[in-house]
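**Student:** Quick one: sequence and predicted model below, then my questions.
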Amino acid sequence: MITALYSDQFIADNAPMDRRLAALILSRGHRIGYIASGPEPQREFFNEKRQYYLRYGLSLDLFLDLDALSGEEEIGRLFSCSAIHLTGGHTGDFLRRLRQSGMLEKLRAWARDDGILIGTSAGAILMTPTIAADALFSGGSPDTVRDGAALDLVPFEFFPHLNDDPDYLPALLRYSETTANSILACRDGEGLILGNGLVEIFGAPLMISAGFAEAADRGRIADLLCRA
């Protein structure tokens, strides 16, 4: 299993991570499936992302709408791709759609069976044990989230867009005192690629736990992965 967690993707700072991810995908093929977080009738985000991946020799050629799955044949085409991209958007709605469509367990099983799963923002949050930290984006408290269990593919929580609001870091520090999970917080332009012996950190994400924040450390993340 390889997971790529982005805070954002359409910015130049992500180029080193993009190139590394592209090399990993191209070692298996070139097709990427796209799971939309919500309705996208004009496919504007899909088309933007298609052009984005095309720069790296990758083909985003399958669009999946969780509200309008056509059957096992469509799901089979998705899981035959070299990688799958989970979009940004409303994290809670995305999780609800994955559950209601029956895709949450299928996607987890595909990823654990040596899949390459890419997530941006909400898509990256969904790779973690819980989407609780996402509550901060709407002014809520992560401690009040009771039904946030997600894909649980990485042994920490993920918080993107740390640079968007100076209040996010103090709120994450408070939350870290009540959750057993470490929290990996990224600014836009930062991210991680993990799995199959890889722990690659791009930028300077923070690892937050027990009320403290420090620079994310490859060794500590590797240790979390080994103990998961």
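**Tutor:** Thanks, I have the structure now.
**Student:** How confident was the prediction at I75?
**Tutor:** The model reports I75 with a pLDDT of 93.
**Student:** same thing with L194?
**Tutor:** For L194, pLDDT reads 96.
**Student:** could you say what helices and strands the helix or strand hosting it packs with?
**Tutor:** If you go by DSSP states H and E, L194 is part of strand 191-195. Counting contacts by 3 or more Cβ pairs under 8 Å, 6 or more residues apart in numbering; DSSP states H and E, strand 191-195 packs against strand 2-6, helix 15-26, strand 198-202, helix 218-227. For every residue, glycine as well, the C-beta is placed using N, CA and C.
**Student:** and the second one, which residues are buried?
**Tutor:** By that I understand helix 15-26. M17, D18, L21, A22, L24, I25 (16 or more other Cβ atoms under 10 Å).
**Student:** Rounded mean pLDDT for that helix, please.
**Tutor:** 96.
**Student:** got the contact list for it?
**Tutor:** 2, 4, 6, 9, 32, 53, 56-58, 82-83, 116, 118, 191, 193, 200, 202 (Cβ atoms under 8 Å, 6 or more residues apart in numbering).
**Student:** So L136, which state does it fall into?
**Tutor:** helix (DSSP: H, G, I helix; E, B strand; the rest coil).
**Student:** quick one: the residue nearest to it when sequence neighbours are not counted from R43, how far?
**Tutor:** Using Cβ to Cβ, 6 or more residues apart in numbering and skipping residues adjacent in sequence, the residue nearest L136 is A171, 5.3 Å away. To R43, A171 is 35 Å away according to Cβ to Cβ, to the nearest Å.
**Student:** neighbour count winner among the two?
**Tutor:** Relative neighbour count places A171 above the other of A171 and R43, with 17 against 14, counting by other Cβ atoms under 10 Å.
**Student:** just checking, the more buried one is part of a strand?
**Tutor:** No - the assignment for A171 is helix, going by three-state DSSP, so no strand is present there.
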